[in-house]
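**Q** For reference, the sequence and a predicted model appear below.
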Amino acid sequence: MVANATQTDLDVVFIGTASCTPGVTRGVSCTALRLNWRSNRNFGHEDQQSHVDGRDDKKKKTLGQKKRSPSSRGGRQQNNEPERGPTAGTWLFDCGESTQLSVQKTSSIRPGKITKIFITHCHGDHSFGLPGLLCLMGTDRSRSDPPVEIYGPEGLRMWLRVAVRYSVSRVVPPYRVHELMDVPMAPEWEEGHRKNGRFYFQLKRDNNNYHASQEVKKKNDGDGSSERKWGMQGLAGADPVSWISRAPMINLEPSKDFGEIPGGRDIYPEYDHPQSTSGAPIWQVEKEDDVSVYAAPMSHGVPCVGYVVQEHDRPGRLRPEIVQPFIQSNYKALQAAGFRHPMKVMAIIKNLPVGGSYELPDGTVIRQEDTVEPPRKG
């Protein structure tokens, strides 16, 4: 699908775009986010304790200034601690029916590279493909690989556990499910008329005038937020026969024999989150080194969330035209100190923290602020 696209650090691939049921040529909802991160590699950190070579007559400079004590490894990193780099992988958003087939038709996505799966809501065109996809992934992964992290509204954990156990799918890879708890219905939905005990939500009859009333409110109250209130309707217990209400009552423990491992979290909403608007809750789903994932409730006929992936600010680029001459002048000394490829010192300098510095064998001190551009906005 993206064969002719230029690869970047972050690619979006549409695996399934149909609604309700898959077609002959289109699968239902599934979107992939490929994180083409390059893991930070730290060179020369193993032994950076300095020693004195006995020469006290060196002249001192900054950026091209000299100090007395080169490192036993050919350099000394000052005020720096190694940082763990982000993990590469592919994330899927929704996993509708036939995703297992659609993934195999998408040359840019490898099942074994999928590390996280995010489900927005329980409808089958967004979730029916999950058990089958896990079976496919299990044939392309080692059992020692990190577990697949799965996220979705409450009830997902037990639903997947039942599906895997009923189908005796021992081929699934290790996984754990993190549930987003207490997902409310949007304020424009209300409980519908019960027929034969059926419980459901429908749009309010005056919803067509909702946006017009919001405009009036904005003129009177500023932003209209007082009109749009997020309640706690649609949660577990509101409908006593719903899956969300009944799932906690099912006596079926997780089993490693069927892939599920401990560690799944119950993630509760924050109504005072800085990114919350109109009183809507926010779920802090994940926070990794270079990216954060948030969820917010969406307007739908069942509890539903949308996900936001926010890339953190990234380190600035190294200015090689400044650094290379100093490394070249220390090339042989760096080789003698244990650097097989002395130019790799540039990676150490690039990863210096703000205010950090690095000392070359001849005592040259290279400062981060002189050689690295300002951070790039995520």
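**A** Thanks, I have the structure now. Source: prediction; values computed, not measured.
**Q** From now on I want contacts and neighbour counts done on CA atoms only, so please keep to that.
**A** Noted.
**Q** so where's the stretch 151-300 of the chain shaky on pLDDT?
**A** Regions of the stretch 151-300 of the chain meeting the criterion pLDDT under 70 cover residues 192-200, 205-228, 231-235.
**Q** can you check the stretch 1-150 of the chain too?
**A** 1-9, 37-88.
**Q** where exactly do the strands run in it?
**A** Ranges of strands within the stretch 1-150 of the chain are 10-16, 30-35, 65-66, 76-78, 89-93, 114-118, 148-153, based on DSSP state E, counting those that start in this stretch.
**Q** The longest one: which residues count as buried?
**A** Within strand 10-16, the residues that qualify as buried are 13-16, counting by 16 or more other CA atoms under 10 Å.
**Q** Give the pairing partners of that strand; include direction for each.
**A** strand 30-35 (antiparallel) (DSSP bridges).
**Q** Give me the contact list for the strand it pairs with.
**A** 9-17, 88-96, 99, 126 (CA atoms under 8 Å, 6 or more residues apart in numbering).
**Q** What ranges does this structure have for its helices?
**A** 99-105, 124-127, 130-138, 156-166, 210-221, 243-246, 320-329, 331-336, 345-350, 368-371 (DSSP state H).
**Q** Mean neighbour count, these: which tops it?
**A** helix 124-127 (a mean of 22; mean count of other CA atoms under 10 Å).
**Q** How far off centre is it?
**A** Offset of helix 124-127 from its chain centre (CA atoms, centre = their mean, to the nearest Å): 21 Å.
**Q** Please give me every residue in contact with the closest residue to Pro111 other than its chain neighbours.
**A** Counting by CA to CA, 6 or more residues apart in numbering, Met137 is the residue found nearest to Pro111 once chain neighbours are left out, at 5.0 Å. If a contact means CA under 8 Å, 6+ apart, then Met137 has 111-112, 114, 172-173 as its contacts.
**Q** quick one: which of the residues you listed is most hemmed in?
**A** Using other CA atoms under 10 Å as the neighbour criterion, Pro173 leads the contacts of Met137 with 28 neighbours.
**Q** separation between that residue and Thr106?
**A** 21 Å (CA to CA, to the nearest Å).
**Q** now Ile119
**A** Distance from Ile119 to Thr106, by CA to CA: 20 Å.
**Q** cool, and Ala336?
**A** 49 Å.
**Q** Repeat that for Gly363.
**A** 53 Å.
**Q** Neighbour count: the two, which is higher?
**A** Gly363 (24 against 15).
**Q** The nearest residue to Leu130 once chain neighbours are set aside: neighbouring residues, count only.
**A** Of all residues not flanking Leu130 in the chain, Cys95 sits nearest, at 5.5 Å (CA to CA, 6+ apart). By other CA under 10 Å, the residues close to Cys95 number 30.
**Q** What are the neighbouring residues in contact with Cys95?
**A** 28-30, 117, 119, 125-130 are the contacts of Cys95 under CA under 8 Å, 6+ apart.
**Q** Let me have the residues you listed in CSV, extended by distance to Glu154.
**A** As requested, those are exported to CSV (distance: CA to CA, whole Å):
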residue, distance to Glu154
Val28, 22
Ser29, 20
Cys30, 20
Ile117, 15
Ile119, 11
Asp125, 17
His126, 15
Ser127, 13
Phe128, 16
Gly129, 18
Leu130, 15
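**Q** Which of these lies at the shortest distance from Arg161?
**A** Set against Arg161, the nearest of the contacts of Cys95 by CA to CA is Leu130 (11.3 Å).
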